[in-house]
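In: Sequence and predicted structure, then a few things I'm wondering about:
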Amino acid sequence: MVGVGLRSPHIHQILSERPDIGWLEIHSENYFTVNSPARQQLRAIADHYPISCHGIGMSLGSADELDRQHLSQLKQLVNDINPIAVSDHLSWSSVDGRYFNDLLPLPYTEEALAHFCCKVEQVQDALGRQMLVENPSSYLSFNHSTIPEWEFLRAVQQRTGCGLLLDLNNIYVSSFNHDFDCQTYLDAVDPRTVKEIHLAGFTVKQFEQGEIWIDTHSKPVSEPVWQLYRQWVRQHFSKLGGVPTLIEWDLDIPALDVLLGEAEQAQQIIAKEAGNGISAA
């Protein structure tokens, strides 16, 4: 099934019109306050649509201890709406309890791997369920990294039993920024561990030092990312069945119909590439 990110400009329209959407994904932290209007609206929406909880504030890669209040609020939200998935990022965003407005890359070392896996296991133990870890987009790398990102991500999955949230736009953006081949990354991913796919748009920035691609989620999905999705569907859907696919759009948010049009394009790819009789759900 294909879904879209639930964003505040569209909430009233979704509640009143109940458009044909496979599922909706939220940013978990926006709904932590139990009796807030946002939480009440979410409960009403969850009566009609499957919901996925996508976190942006757990800072799993930080040297900080897990924020137990954050984890408790997430658990309350999960217990409240029973989402189809709970996810966060292969990244960090805090130092000594101070949070940055970004999802920053890790050094890919054995030490960082052990630390990140410990955090994932703590979250899964607390929630009593599997979580998904999303591959990041990044704009710098560490000279002392010793493990390619795709091998690091695979090791996290193997050691913790977590699932993967495969963001194809992030792979494409990072492949340009770090000069690697998308196929090398995808070949390292066990498709059986992928429980969700993200598709989004990006922005090209020009600086004196050169060009960089930014994962802004502010544009339609690019044709090269659609091509990666076609390839994924062609190779894996007929063998493994469908994986929930999401259209992400977080900045310069358009009318809901635009998002639904992107979702329909993904649905058409599934219908064409997966073959007759293969469900998208």
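Out: Structure's in. What do you need?

In: Relative to residue 234, how far out is the nearest residue in space to residue 198 that is not next to it in sequence?
Out: Spatial nearest neighbour of residue 198, chain neighbours left out: residue 167 (4.0 Å); criterion: CB to CB, 6 or more residues apart in numbering. Every C-beta, even on glycine, is put in place using the N, C-alpha and C of the backbone. With distances taken as CB to CB, to the nearest Å, residue 167 is found 19 Å from residue 234.

In: now swap in residue 271 and tell me
Out: Distance check for residue 271 against residue 234: by CB to CB, it reads 12 Å.

In: so where do the helices sit in the stretch 1-150 of the chain?
Out: According to DSSP state H, counting those that start in this stretch, the stretch 1-150 of the chain carries its helices in the segments 11-17, 37-46, 68-81, 110-127, 149-160.

In: Distance to residue 206 for those helices - can I get that in CSV?
Out: Listed next are the helices of the stretch 1-150 of the chain as CSV, based on distance: least, CB to CB, whole Å:
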stretch, distance to residue 206
helix 11-17, 36
helix 37-46, 38
helix 68-81, 37
helix 110-127, 32
helix 149-160, 25
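
In: Residue 167 and residue 234: which has the busier surroundings?
Out: Summary of the neighbour comparison: residue 167 and residue 234, criterion other CB atoms under 10 Å, with residue 167 having more neighbours (24 against 14).

In: buried sites along the worst-scoring helix or strand of the chain on mean pLDDT?
Out: Among the helical and strand segments of the chain, the one scoring lowest on mean pLDDT, DSSP states H and E is helix 238-240, with a mean of 75. Residues of helix 238-240 classed as buried under the neighbour-count rule (16 or more other CB atoms under 10 Å) do not occur.

In: Distance from the chain centre to that helix, please.
Out: Relative to its chain's centre, helix 238-240 lies at 22 Å (CA atoms, centre = their mean, to the nearest Å).

In: what's the answer for stretch 135-150, then?
Out: When distances are taken as CA atoms, centre = their mean, stretch 135-150 is centred 18 Å away from the chain's centroid.

In: for stretch 41-49, same thing?
Out: For stretch 41-49, the distance from its own C-alpha centre to the chain's C-alpha centre is 21 Å (CA atoms, centre = their mean).

In: go on, stretch 239-247?
Out: For stretch 239-247, the separation from the chain centroid amounts to 13 Å (computed by CA atoms, centre = their mean).

In: buried stuff in it?
Out: Residues of stretch 239-247 classed as buried: 242-247 (neighbour count, 16+ other CB under 10 Å).

In: got it, and stretch 173-182?
Out: Taking 16+ other CB under 10 Å as the neighbour-count basis, stretch 173-182 is seen to contain the buried residues 173-175, 177, 182.

In: Now render those residues as CSV, adding distance to residue 44, secondary structure and pLDDT.
Out: Written out in CSV, the entries for these read as follows (distance: CB to CB, whole Å; DSSP: H, G, I helix; E, B strand; the rest coil; pLDDT from 0 to 100):
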residue, distance to residue 44, secondary structure, pLDDT
173, 35, helix, 97
174, 37, helix, 96
175, 40, helix, 97
177, 40, helix, 91
182, 40, helix, 97
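
In: Could you identify the most distant pair in those?
Out: Greatest spatial distance among these (CB to CB): 177 and 182, at 12.3 Å.

In: Kindly state the pLDDT recorded for residue 226?
Out: Per-residue confidence at residue 226 stands at 98 (pLDDT).

In: Start at 863, not 1
Out: OK, 863 is where the count begins now, so the last one is residue 1088.

In: Touching, it and residue 1134? I think so.
Out: No. Taking contacts as CB atoms under 8 Å, residue 1088 lies outside contact range of residue 1134: 11.7 Å.

In: and residue 1006, how many residues sit next to it?
Out: Counted by other CB under 10 Å, the residues lying close to residue 1006 total 9.
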